[in-house]
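*Asks:* build the 3D model from these lines:
(2 chains)
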Number of protein chains: 2
Amino acid sequence: MSRRGFVAAAGGAVGLALLPEAARAAARRADPAQGLTVLFQGDSITDCGRARALAEPNRADALGTGYPLLIASALLEAHPDRGLRFFNRGVSGDKVPQLDARWQADALDLRPDVVSVLVGVNDYWHTLNGSYAGTAADYESGYAALLERTRSALPDVRLVVIEPFVLRTGAVTEAWFPEFDLRREAAARVARAAGATFLSAHQMFERLARRAPPAYWAADGVHPTLAGHAAIANRWLRAVRL
Amino acid sequence: MSRRGFVAAAGGAVGLALLPEAARAAARRADPAQGLTVLFQGDSITDCGRARALAEPNRADALGTGYPLLIASALLEAHPDRGLRFFNRGVSGDKVPQLDARWQADALDLRPDVVSVLVGVNDYWHTLNGSYAGTAADYESGYAALLERTRSALPDVRLVVIEPFVLRTGAVTEAWFPEFDLRREAAARVARAAGATFLSAHQMFERLARRAPPAYWAADGVHPTLAGHAAIANRWLRAVRL
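*Replies:* Alright, predicted model coming up:
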């Protein structure tokens, strides 16, 4: 989060900026409307067994056991004075159309300052068993519309797009390529057009797969192991720098 | 883990030490008897909602959502060539006598190279409602016997003792002191006698409570928030340096 972004997120920040840092920190803590709200959105890779009935931020059980929990834990420890609030609203199995259908309640209504999205593997995977007929073009136009809608509702929002990725193991065969790559390339274009921070996760995992077998990072080729989630979290923390 | 400790843990390591690092790494991966097994033991602060029916190492759901998951994720990402295996066997509500009763199955039988224990808050807390009558001396002698038994069964084991801690909020009133402190001091003596790495978690949280209110680190004074778990995990990673 840039200084500018933070100040914008903090609302009526002109007076606040004149206070010493300790007083500003106390003000942020005292006023839940201040601080920063970070939302993680996506499919099962984001969901990670979160308790969906829980609405409060910063709860371990509501954040699941994947990269959202690792990112939230690290930032909540490092910045106790920031009034950080983390939500995970990933839902296993989701593709862009499902995100779109629940975007008002599960994204915009939370008034997030940062929205991090990881979606795309199901947009391809579910075409393999015939349960979905979306093309790469559908993915691109739907994803672009979702981010435009977000920017329109939340003009100061910071967007983070995590590239959809797979590892060549488990469910993921050579037959996935190059069709799967079309989704990756679409995600990169969508991110650029929306002014989002783009995390090239697929390339990261290709590099990591030279250090340990693909299954070490994602046993079925799609769902990261602990090591894979930690790699995403660290990449996110370095790129987003809240 | 020291080089010596690692080599000892790796078993017949003389021949292995002559191989180039890449070959040694491959050998460790190929042979599950090599590598390092790390066990987290304790009460609810360690348990953190883990799925107790799962026996395999390195599973997110089996590690719970607390410091064991954070430590395991970080080390599995950083050391893909080490053959690391992480287990969590914390059980909510446990005191030293409960650990002792299940120590063979839930600690020694796993043949861990590293055993990290956090126990003590219930050894005091449960005396407040009359459900337990153990004294600080009982805690100390029982804890010392548990670590001696571990060292005896696993001569090369590395022991880590996390100091029992509380924060002055929620369930924790001034009436806890100085009686609670007796357990902290006992844990430090037990750790020293057993040659364990000791993590002074209580002092760490007292320092952190000057940066944000105690409830930011442990809402009820006993169970850490995400920020509190991240603080323990980072302290552990710095102290243990696997």
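
*Asks:* pull the CA atoms of the longest helix seen in chain A into PDB?
*Replies:* Assignment by DSSP state H gives helix A:136-153 as the longest helix of chain A. The C-alpha coordinates for helix A:136-153 follow below in PDB (Å, rounded to 0.1, in the frame of the first residue of the first chain):
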ATOM      1  CA  ALA A 136     -10.400 -18.300 -22.700                       C
ATOM      2  CA  ALA A 137     -12.200 -15.300 -24.200                       C
ATOM      3  CA  ASP A 138     -15.100 -15.700 -21.800                       C
ATOM      4  CA  TYR A 139     -12.600 -15.900 -18.900                       C
ATOM      5  CA  GLU A 140     -10.900 -12.700 -20.000                       C
ATOM      6  CA  SER A 141     -14.000 -10.600 -20.600                       C
ATOM      7  CA  GLY A 142     -15.700 -11.800 -17.400                       C
ATOM      8  CA  TYR A 143     -12.600 -11.200 -15.300                       C
ATOM      9  CA  ALA A 144     -12.100  -7.800 -16.900                       C
ATOM     10  CA  ALA A 145     -15.700  -6.800 -16.100                       C
ATOM     11  CA  LEU A 146     -15.300  -8.000 -12.500                       C
ATOM     12  CA  LEU A 147     -12.300  -5.800 -11.900                       C
ATOM     13  CA  GLU A 148     -13.900  -2.800 -13.700                       C
ATOM     14  CA  ARG A 149     -16.900  -3.200 -11.500                       C
ATOM     15  CA  THR A 150     -14.700  -3.300  -8.500                       C
ATOM     16  CA  ARG A 151     -12.800  -0.200  -9.500                       C
ATOM     17  CA  SER A 152     -16.000   1.600 -10.300                       C
ATOM     18  CA  ALA A 153     -17.500   0.800  -6.900                       C
END
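
*Asks:* beta partners of the residue nearest the centre of chain A?
*Replies:* The central residue of chain A, meaning the one whose C-alpha is nearest the mean C-alpha position (Cα atoms, centre = their mean), is residue A:116 at 2.8 Å. With beta bridges defined as DSSP bridges, residue A:116 has these partners: residue A:40, residue A:160.

*Asks:* check contacts around it.
*Replies:* Residues near residue A:116 by Cβ atoms under 8 Å, 6 or more residues apart in numbering or on different chains: A:38-41, A:159-162, A:236, A:240. Any C-beta I mention is one placed from the backbone N, CA and C, and that applies to glycine too.

*Asks:* enumerate the residues of chain A near chain B.
*Replies:* By Cβ under 8 Å from any Cβ of the partner chain, the residues of chain A that approach chain B are A:29, A:48-49, A:58-61, A:63, A:65-66, A:69-70, A:72-74, A:76-77, A:80-81, A:86, A:208, A:211-213, A:216, A:225-231, A:233-234.

*Asks:* let's see which of those residues end up in helices.
*Replies:* Members of the residues of chain A next to chain B lying in helices (criterion: DSSP H): A:29, A:60-61, A:63, A:69-70, A:72-74, A:76-77, A:208, A:216, A:226-231, A:233-234.

*Asks:* where does pLDDT dip in chain A?
*Replies:* Along chain A, the model assigns pLDDT under 70 to residues A:1-33.

*Asks:* where do the strands sit along it?
*Replies:* Taking DSSP state E as the test, the strands found in chain A are A:36-42, A:84-88, A:114-118, A:158-162, A:197-199.

*Asks:* now residue A:167. Nearest residue, chain neighbours left out?
*Replies:* The shortest distance from residue A:167 to any non-neighbouring residue, by Cβ to Cβ, 6 or more residues apart in numbering or on different chains, is to residue A:214 (3.7 Å).

*Asks:* hmm, who's touching the longest helix of chain A?
*Replies:* Contacts of helix A:136-153 from elsewhere in the structure, counted by Cβ under 8 Å, 6+ apart, are A:95-97, A:99-100, A:103, A:107-108, A:115, A:117, A:119-120, A:123-124, A:134, A:157, A:159, A:161, A:179, A:182-183, A:186-187, A:189-191, A:193-196.

*Asks:* now stretch A:230-242
*Replies:* A:1, A:36, A:38, A:66-67, A:70-71, A:74-75, A:79, A:82, A:84, A:114, A:116, A:158, A:160, A:162, A:197, A:199, A:201, A:204-205, A:208, A:217, A:224, B:73-74, B:76-77.

*Asks:* now do 6 Å
*Replies:* Taking contacts as Cβ atoms under 6 Å, 6 or more residues apart in numbering or on different chains, the residues outside stretch A:230-242 that touch it are A:1, A:67, A:70-71, A:75, A:160, A:197, A:199, A:204, B:73-74, B:77.

*Asks:* only the buried subset of those residues, as a ChimeraX command please.
*Replies:* Selection of the buried residues among these in ChimeraX, burial being defined by 16 or more other Cβ atoms under 10 Å in any protein chain shown:
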select /A:1,67,70,71,75,160,197,199,204 /B:73,74,77
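
*Asks:* same list (the contacts of stretch A:230-242) but as a markdown table, adding distance to residue A:141.
*Replies:* Supplementary listing: these in a markdown table, determined by distance: Cβ to Cβ, whole Å:
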| residue | distance to residue A:141 |
| --- | --- |
| A:1 | 29 |
| A:67 | 27 |
| A:70 | 32 |
| A:71 | 29 |
| A:75 | 33 |
| A:160 | 20 |
| A:197 | 21 |
| A:199 | 22 |
| A:204 | 26 |
| B:73 | 36 |
| B:74 | 39 |
| B:77 | 35 |
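
*Asks:* ok, residue A:239 to chain B distance?
*Replies:* 16 Å (Cβ to the nearest Cβ, to the nearest Å).

*Asks:* just residue A:240 next, same as before
*Replies:* Residue A:240 is 17 Å from chain B, by Cβ to the nearest Cβ.

*Asks:* nearest residue to residue A:217 in space, ignoring adjacent ones along the chain?
*Replies:* residue A:228 (4.1 Å).

*Asks:* residue A:218 is in contact with the one you found, correct?
*Replies:* Yes: taking Cβ atoms under 6 Å as the contact criterion, residue A:228 and residue A:218 are neighbours in contact, 5.1 Å apart.

*Asks:* which one is residue A:204 nearest to, not counting chain neighbours?
*Replies:* The spatial neighbour of residue A:204 that comes closest, neighbours along the chain excluded (Cβ to Cβ, 6+ apart), is residue A:235 at 5.8 Å.

*Asks:* equivalent analysis for residue A:54, please.
*Replies:* That would be residue A:62: by Cβ to Cβ, 6+ apart, it lies 3.9 Å from residue A:54.

*Asks:* the one you found and residue A:51 touch, don't they?
*Replies:* Yes: Residue A:62 is in contact with residue A:51 according to Cβ under 6 Å; the separation is 5.4 Å.

*Asks:* could you list the buried residues of stretch A:153-160?
*Replies:* Using 16+ other Cβ under 10 Å as the burial criterion, the residues of stretch A:153-160 that qualify are A:154, A:157-160.

*Asks:* good, we can wrap up now.
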